[in-house]
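A.B. asks: I would like to see how this sequence folds:
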Amino acid sequence: MARYDVLIVGAGHGGAQAAIALRQNKFAGTIALLGDEPDPPYERPPLSKDYLAGEKAYARLLIRPPAFWVERDVTLLPGRRVVAVDPIQRTVATADGETIGYGEMVWAAGGTPRRLSCAGADLPGIHMVRTRADADRMRERLAGVETAVVVGGGYIGLETAAALTKLGKRVVVLEAQPRVLARVAGEALSRFFEAEHRDHGVDIRLETHIGAILGSGGVTGVQLMGGVVIPCQMVVVGIGILPAVGPLLAAGADGDNGVAVDDRCRTSLPGVYAIGDCALHANRYAEGRRIRLESVQNANDQATVAARAITGQAISYDAVPWFWSQQYDLKLQTVGLSLSHDQAVVRGDPATRSFSVVYLKNGRVVSLDCVNMARDYIHGRSLVADRMIIDPERLADPAIPLKELAEGL
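C.D. replies: Numbering: from 1, shown residues only. Purely as a prediction, here's the structure:
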């Protein structure tokens, strides 16, 4: 049985960064990076953007070239999936029957896409966008696709809609909520992106629910509740993920919608850390509530915290959340969390396609959404980090740089 001083489960952004950070912090023990895909660690965000659109090659997705892992003495264990954890013996069992031992473990397994539960949900032609293989399967079928239905109006759904539109496909987006991006942004930003997609020819249907996926050997249409049928040859589902924490919870780890971790990313199991999409943690930018953050930034930040904790350093996770999305020629950059804001200030004119939305709670800045406004994003970080109180009228004036507001000028 192979045994490693640190076993990292999950070879995405978080897992890769954990291995990198361990070596950067002078960890000299053995490290293995286990993933369920055949590929070495690669970037996932481009999958629903320029990789799907054929504008970015696979080689450019790699987080590090293959030689890097050899040089850093990191053993890659591709094509493996952990199905059980023994926290007493400090071993894991994989789906193919292998047992692997560890001294300490970093769980960076992320999540699996939520699937539709309606009739026809298993038909060929229904796709997720979580892995390179998912995106490749979509690209292989595109030649026979005239119309694609995208289920879900979050970041993944809208990015995929933009990429498919650029490829000349007719796209219909179905969103169950009254607006797109309802869980992550205020109404002004939602309405802006709805208008942008419609201007590009996307048919966005809100408060819409699916009754069934139609077809026999493949998808031929989507039947809505009420009976309306949308003919299509492809369905893309982007309705969130389920955190991949089953083996940890079965082994006794605390958690429910994710695995609970402390400020050093430690789970309740001895020697087991968890990071990234699956880590349920207290976050001061969410007013101390325990949340999961599904972002590359969070995965990387928590990976660094776990690596430093493993190497004996005093460290606590306290990073400002940030996210980004690319749709058409629009770059959306978000800093902070707008989950419970009570006021939204639009800064600039959305008609110019370059503006920001500043979110306040009890008069304090808690988040910004910046569309083609990198300067606001850069200087808005300190407003969020310091929970600054700024006059909303001054915030709304794009002629006043946020840098000046941050410096109290």
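A.B. asks: which parts of the strand or helix carrying Ile20 are buried?
C.D. replies: Per DSSP states H and E: Ile20 is located in helix 13-24. By neighbour count with 16 or more other CB atoms under 10 Å, helix 13-24 contains the buried residues His13, Gly14, Gly15, Ala16, Gln17, Ala18, Ala19, Ile20, Ala21, Leu22. C-beta: built from backbone N, CA, C; applies to glycine.
A.B. asks: helices or strands up against it?
C.D. replies: strand 2-9, strand 31-34, helix 296-310 (3 or more CB pairs under 8 Å, 6 or more residues apart in numbering; DSSP states H and E).
A.B. asks: what do you get if the cut-off is 10 Å, keeping everything else the same?
C.D. replies: strand 2-9, strand 31-34, helix 66-71, strand 74-77, strand 99-107, helix 296-310 (3 or more CB pairs under 10 Å, 6 or more residues apart in numbering; DSSP states H and E).
A.B. asks: out of the ones you listed, flag the one nearest Pro243.
C.D. replies: strand 99-107 (10.2 Å; CB to CB).
A.B. asks: what pairs with the closest one, and is each one parallel or antiparallel?
C.D. replies: Within its sheet, strand 99-107 is paired with strand 2-9 (parallel), strand 91-94 (antiparallel), strand 272-274 (parallel), according to DSSP bridges.
A.B. asks: and the longest one with helix 13-24, angle?
C.D. replies: By that I understand strand 2-9. Computed with axes from the mean of the first three to the mean of the last three CA atoms, to 10 degrees, the direction of strand 2-9 lies at 130 degrees from that of helix 13-24.
A.B. asks: now strand 2-9, how far from the chain's geometric center?
C.D. replies: 25 Å (CA atoms, centre = their mean, to the nearest Å).
A.B. asks: thinking again about what came up before, mean neighbour count, the strands paired with strand 99-107: which tops it?
C.D. replies: strand 272-274 (a mean of 28; mean count of other CB atoms under 10 Å).
A.B. asks: I'd like the next helix or strand past that strand.
C.D. replies: Later in the chain than strand 272-274, the nearest helix or strand by DSSP H and E is strand 279-282.
A.B. asks: just checking, what packs against that following strand?
C.D. replies: strand 255-256, strand 258-260, strand 272-274, strand 290-291, helix 296-310.
A.B. asks: for Phe355, which non-adjacent residue is closest in space?
C.D. replies: Gly348 (3.4 Å; CB to CB, 6 or more residues apart in numbering).
A.B. asks: so what's the one you found up against?
C.D. replies: 354-357, 370-373, 376, 396-399 (CB atoms under 10 Å, 6 or more residues apart in numbering).
A.B. asks: go again with 8 Å.
C.D. replies: Ser354, Phe355, Ser356, Met373, Pro398 (CB atoms under 8 Å, 6 or more residues apart in numbering).
A.B. asks: quick one: the helices in the stretch 251-400 of the chain?
C.D. replies: Secondary structure of the stretch 251-400 of the chain (DSSP state H, counting those that start in this stretch): helices at 296-310, 374-385, 392-395.
A.B. asks: name the residues of the shortest one that are buried.
C.D. replies: The neighbour-count check on helix 392-395 (16+ other CB under 10 Å) flags Leu395 as buried.
A.B. asks: can I get stretch 182-193 in PDB? Just the C-alpha atoms.
C.D. replies: The C-alpha trace of stretch 182-193 is given here as PDB (Å, rounded to 0.1, in the frame of the first residue of the first chain):
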ATOM      1  CA  ALA A 182     -30.800  36.100  -8.700                       C
ATOM      2  CA  ARG A 183     -28.700  34.400  -6.100                       C
ATOM      3  CA  VAL A 184     -25.500  36.400  -6.600                       C
ATOM      4  CA  ALA A 185     -26.400  39.900  -7.800                       C
ATOM      5  CA  GLY A 186     -28.800  42.800  -7.400                       C
ATOM      6  CA  GLU A 187     -31.700  43.500  -9.800                       C
ATOM      7  CA  ALA A 188     -29.900  46.200 -11.800                       C
ATOM      8  CA  LEU A 189     -27.100  43.800 -12.800                       C
ATOM      9  CA  SER A 190     -29.600  41.100 -13.600                       C
ATOM     10  CA  ARG A 191     -31.600  43.300 -15.900                       C
ATOM     11  CA  PHE A 192     -28.500  44.500 -17.600                       C
ATOM     12  CA  PHE A 193     -27.300  41.000 -18.500                       C
END
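A.B. asks: picking that back up, possible to save the helices and strands packed on strand 279-282 as JSON lines with distance to Arg364 and mean pLDDT?
C.D. replies: Shown next, in JSON lines, are the helices and strands packed on strand 279-282 (distance: least, CB to CB, whole Å; pLDDT from 0 to 100):
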{"stretch": "strand 255-256", "distance to Arg364": "30", "mean pLDDT": "94"}
{"stretch": "strand 258-260", "distance to Arg364": "27", "mean pLDDT": "98"}
{"stretch": "strand 272-274", "distance to Arg364": "30", "mean pLDDT": "98"}
{"stretch": "strand 290-291", "distance to Arg364": "19", "mean pLDDT": "92"}
{"stretch": "helix 296-310", "distance to Arg364": "22", "mean pLDDT": "97"}
